[in-house]
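Novice: Need a 3D model of the following:
(3 chains)
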Amino acid sequence: MNPATSATENTARPVAGLGHAEPLLAVRNLHTFFDTPRGIVRAVDDVSFSVDRGRTIGIVGESGSGKTVLSRSVLNLLPKKATIPAGGEILFEGRDLRPLSSKQMRSYWGPQLAMVFQDPMTSLNAVVKIGRQITEGLREHTDLNRRAAEQEAVALLRSVGIPAPERRLGEYPHQLSGGMRQRVTIAIAMACGPKLLIADEPTTALDVTVQAQILDLLARQQRERSMGMVLVTHDLGVVANRTDEIAVMYAGQFVEKAPTPIIFGSMRHPYTEALMRSIPRIENPSHTRLDAIPGRPPDLADLPRGCRFAPRCRNAQQRCLEENPPLFPGEQPGHEFRCFFPVGTPAGDEARERNVRDGRTAAGIDMDTLTKASA
Amino acid sequence: MGRLIGKKLLTLVPVLLAVSLLTFLLLSLLPGDPALLVLGGQAGSAESIAAVRTDLGLDRSLPQRYLSWLWAGLQGDLGTSYITRQEVTGAILERLPVTFELMALSLVMALVIAVPLGVFSAYLVGGRFDKSVTGATFGLLALPNFIFALILIGVFSVGLGILPATGWSPLSDGVLENLRSAFLPALALSVGNIAVFTRLLRTDMIATLQEDHVTLARSKGLPTSRILFRHALRPSSFSLLTVAGLQVGTLLSGTVIIESIFALPGVGRLLFDAINSRDLLMVQGIVLLLAVIFVLVNFVVDVLYTFLDPRIRSGATRVRA
Amino acid sequence: MSAPDPVPARTDGHIRDPAEQGHRSAASAVELEDSRFGHGGVTTEPPANGRRRTRRRGAGLLYRLCLGWLALIVFVAITAPWLPLPDPDTIDIAAKLAPPLTAGHLLGSDGLGRDILSRLVFGAQVSLIISLSAVGIGIVVGGTIGMVVGYFRGRLETTVMAGVDVLLAFPGLVLLLALIAFVGQSLTAITLVIGFLSIPIYARVARAATLAVSQREYVLAAGLMGARTRRILFREIMPNVILPVAAFGLIALGVVIVLEGSLAFLGLSVEAPAATWGSMIAEGKRHLSDAIHIALIPSVVMFLTVLSLNLVGDVLRSRFDVREANL
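Specialist: So this is what the prediction gives:
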């Protein structure tokens, strides 16, 4: 049983009516708040995006941006007790997943939705054999018997590029290398042929040499199964060539969202610009100072009144300290950004020059600190 | 793998030797003439005392006595009691099955009760169930096993009259009767362990449930019971196993009290009777045997741990302590 | 565009959602760290201190009750000879098996007509003396051994710890019973034997604590400054070792009380007719059907005492742990 064809057979279905195709996943105004003794943590604060079959959206953000909470929120994996109901919809093929109980979600998890986690050493159960970890999902959602499920597992392992798959069934995670372990988690995710895959930092815990292989594998699986994919990462380089759309997340909100070429070509938000700048380039001479973004993301339990990036922004003006900007549409379709003085616009350039003249931004940060010398 | 066991065996032997030495010394260096002690209150004529002296080899040096005692012991001869005229080894072996059954039953009971309590209080942590379980285990820890035994007798024997307060029905007389007579003693013996196991499992599981692999199991759409008992329980069960093994010592001590209360023909009761009648040889033999059992059980648990935890089995470094 | 937010109330420049008050009380029952399936990787945990504070507030009343009970026991045990109680050993067959609240016997009398309340009080004396002394011996001797051994390491450590391991290889009560039987059943003997047998445990605890501390910088610094060993031991190491050892000892008090109770129950504690809780319970066993109070009352008292010791010990230990974490 070829997993690729069985997956596409499973998952191919007529597109919903209404004249235009409904997106596979449409997240609308999602809020995820936690109540903690320190205060309400607004981990996801009004996030909206959508993904279609066969398309990929990359969500880029630092640690503390809320991207991990976002990934688990979208799959409804967060325990209900820990979160405060705060609005938003997660429409999967038109159906809102948010109000569903865990029991109801169980028919989605596996056959419809799947996730790949960051560190395969902790996301795999260290004391359960690999074969079991793959087959139990299969046996839960299909009526394959043990033998058939094992055969399917072998096929899955082969399709993710693991050599000698029969032997792996009886092995434990620690007996495999890091890259192989991640391939196993991908196999587990693919087992029931999901329509949507969320990959949360799938390559962060791996060697650089292996990272590209894993990303290629994910892309191939997506193509073969025509899945929608959400790729969450802190690394712009990971999403550069592998996504159709990119959303940049900061302090619980999307600060910019656009089709990939537009983001790289005409970014508008200063944070996006700063992220781009901080990627080390191979053509730079050695000992080039890394252009890191000074400062730290804000505490999600104690957010400032104005724009959340203002304390670290080169363009910051007084208005930025008082109002949190809403999402503005860009000139090109599908482009949104959350900034009053966006990069590459007259207003933004003016704001930058004003700050350079004053030597500091409206937030009081010294311009020299924000404009590190990069040779 | 075999080398690991071999290494552990090497440490085992000196410990056993030391234990035997200590037993021998402790009871041989007690105040008073050993010959008189051994005879208990039955000191008779000077000849009988002299006879005992030669018997015990009191004319020889301490090391010589120890070695001959040890040598005889290794061959299964722990002497003959002057008080009861029984052969020590024989008397002990006769009663060992009862004590073992009692301890095994008690461990099983404790696990059967503690595992679901621990798992569900970890799953429902902070809720009412969890809080009541935590309170209950706290209470159980403060409850001595003999008081618990009396409570059980009071409720089930005196009050309800459905279970016997004393007496032992051996397996040969029927399994049901045997279990009936063993139920209350085993339960009384397990009171401490129920609390210890529950608490341990709860703490361990709370940590395990936070780990990524549990979230992944959820994202596979597995039912909760499977996640709890097939995924989360596994890694936590190793420390439970270790503690269960270590608790054998407490169990052994507990049998002395429990067997006395319920009048069971076990080794614990034998020890109690021997102490009451000041039967030195018997006491020495029993103490030695119980200590050896304890050491061996710890050894077995240690080895079993290596066998069961797949991470250790193939020599990988442990991921979770 | 985003959905309209509720009107934000501005307080010192930060937005506070007015709806959050209701949310907070509803969700406050479950703290983030306690969420069932967790969400590995999310760094939104509240600091340890915050949680401890909440927990301690809740345990306040219970804690005070337990302290009160312990204080009562200690007070009663100390002032026993001067309290207006009947003699605990006077036998009065006519008044035997009297239930509680009989004239002259506030808590009733036992099978020989002896007053239960006064036997309880004098039994408290025995329990307290034995447990405090035995634990004291264990802490002082065992603690010192552990500290010395843990500081000097080397051959001394290996030998001593091997000895400790061997002693701990004996199931506790068994050896205790055997020794008591042959050493005698006086208060002194029992105390000494229990104390001796508890030395290994304190040695272990003290050694572990010493090992942890002796690598810390201020100890090494003291050594470098030429401080004499004895000074280092007492000024730097001991204060840090005392805390875990004392916390352990507090809980051990409960264990020893139960231990002595078990001994007494078996008739192997202080010789009759001396009143001890354990022997009272043993006598009560005979009368479970007709006069349950004889066994019940001392059982309840023993249980409450051990429970209080455990709870107070637990609270104190978590308090000290917090301080350890901040170091």
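
Novice: Point out the residues in chain B that sit beside chain A.
Specialist: Neighbours of chain A within chain B, by Cβ under 8 Å from any Cβ of the partner chain: B:211-213, B:215-224, B:226, B:230-231, B:234-235, B:309-311, B:314, B:316, B:319-320. Glycine gets a C-beta too; all of them are placed from N, C-alpha and C.

Novice: hey, where'd the strands end up in the chain?
Specialist: No chain specified, so I'll use chain A. A:25-36, A:39-51, A:56-60, A:83-84, A:89-92, A:95-96, A:113-116, A:196-200, A:228-233, A:245-250, A:253-259, A:328-329, A:336-337 (DSSP state E).

Novice: that's the other chain; I wanted chain C
Specialist: C:9-11, C:14-16.

Novice: hang on, the earlier thing: figure out which of the strands of chain A is closest to B:Gly245.
Specialist: Minimum separation from B:Gly245 across the strands of chain A (Cβ to Cβ) falls at strand A:113-116, 38.4 Å.

Novice: Does the closest one reach chain B?
Specialist: Yes: using Cβ under 8 Å from any Cβ, we find that strand A:113-116 touches chain B at A:Leu113, A:Ala114, A:Met115.

Novice: Quick check: buried residues in stretch C:132-140?
Specialist: C:Leu132, C:Ser133, C:Ala134, C:Val135, C:Ile137, C:Gly138, C:Ile139 (16 or more other Cβ atoms under 10 Å in any protein chain shown).

Novice: tally of neighbours for the closest residue to C:Ile93 other than its chain neighbours?
Specialist: Leaving out its chain neighbours, the residue that sits closest to C:Ile93 by Cβ to Cβ, 6 or more residues apart in numbering or on different chains is C:Gly113, at 5.2 Å. Residues contacting C:Gly113 under the criterion other Cβ atoms under 10 Å in any protein chain shown number 16.

Novice: In the chain, where is pLDDT below threshold?
Specialist: Went with chain A since none was named. A:1-21, A:370-375 (pLDDT under 70).

Novice: Please refer instead to chain B.
Specialist: For chain B (pLDDT under 70), the answer is B:1-2, B:27, B:29-45, B:55-59, B:82, B:311-321.

Novice: Once you drop chain neighbours, what's closest to A:Ala153?
Specialist: A:Ile134 (4.1 Å).

Novice: do the same with A:Asp244
Specialist: Closest to A:Asp244 by Cβ to Cβ, 6+ apart is A:Arg55, at 4.8 Å.

Novice: quick one: the one you found and A:Arg242 touch, right?
Specialist: No: when contacts are counted by Cβ atoms under 8 Å, A:Arg55 is not listed as touching A:Arg242 (11.4 Å).

Novice: how about the spatially closest residue to A:Pro270 that is not a sequence neighbour, phi and psi?
Specialist: Nearest non-adjacent residue to A:Pro270, counting by Cβ to Cβ, 6+ apart: A:Cys313, 4.7 Å away. A:Cys313 adopts backbone torsions of phi -100, psi 140, taken as degrees, to the nearest 10.

Novice: any idea how far A:Cys313 lies from B:Val292?
Specialist: Distance, A:Cys313 to B:Val292, using Cβ to Cβ, to the nearest Å: 74 Å.

Novice: which one of these two has more residues nearby?
Specialist: When A:Cys313 and B:Val292 are compared for neighbours, A:Cys313 comes out ahead with 28 against 17, by other Cβ under 10 Å.

Novice: Quick one: residues contacting the more buried one.
Specialist: By Cβ atoms under 8 Å, 6 or more residues apart in numbering or on different chains, A:Cys313 lies in contact with A:Pro270, A:Tyr271, A:Cys307, A:Cys320, A:Thr361, A:Ala363, A:Leu370.

Novice: give me every residue that touches A:Gly348.
Specialist: A:Arg268, A:Pro270, A:Asn315, A:Cys339, A:Phe341, A:Pro342.

Novice: doesn't A:Phe341 make contact with the first one?
Specialist: No: counting by Cβ under 8 Å, A:Phe341 is not a contact partner of A:Arg268; they are 9.8 Å apart.

Novice: The closest residue to chain A within the stretch 1-150 of chain B: what secondary structure?
Specialist: The nearest approach of the stretch 1-150 of chain B to chain A comes at B:Gly126, 8.5 Å away (Cβ to the nearest Cβ). Under DSSP: H, G, I helix; E, B strand; the rest coil, B:Gly126 falls in the coil class.

Novice: hmm, back to that, make JSON lines out of the strands of chain A and add distance to chain C and mean neighbour count.
Specialist: As requested, these are exported to JSON lines (distance: least, Cβ to the nearest Cβ, whole Å; neighbours: other Cβ atoms under 10 Å in any protein chain shown):
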{"stretch": "strand A:25-36", "distance to chain C": "4", "mean neighbour count": "22"}
{"stretch": "strand A:39-51", "distance to chain C": "4", "mean neighbour count": "23"}
{"stretch": "strand A:56-60", "distance to chain C": "14", "mean neighbour count": "25"}
{"stretch": "strand A:83-84", "distance to chain C": "4", "mean neighbour count": "22"}
{"stretch": "strand A:89-92", "distance to chain C": "10", "mean neighbour count": "19"}
{"stretch": "strand A:95-96", "distance to chain C": "15", "mean neighbour count": "12"}
{"stretch": "strand A:113-116", "distance to chain C": "12", "mean neighbour count": "27"}
{"stretch": "strand A:196-200", "distance to chain C": "8", "mean neighbour count": "25"}
{"stretch": "strand A:228-233", "distance to chain C": "11", "mean neighbour count": "26"}
{"stretch": "strand A:245-250", "distance to chain C": "14", "mean neighbour count": "24"}
{"stretch": "strand A:253-259", "distance to chain C": "9", "mean neighbour count": "24"}
{"stretch": "strand A:328-329", "distance to chain C": "9", "mean neighbour count": "12"}
{"stretch": "strand A:336-337", "distance to chain C": "9", "mean neighbour count": "22"}
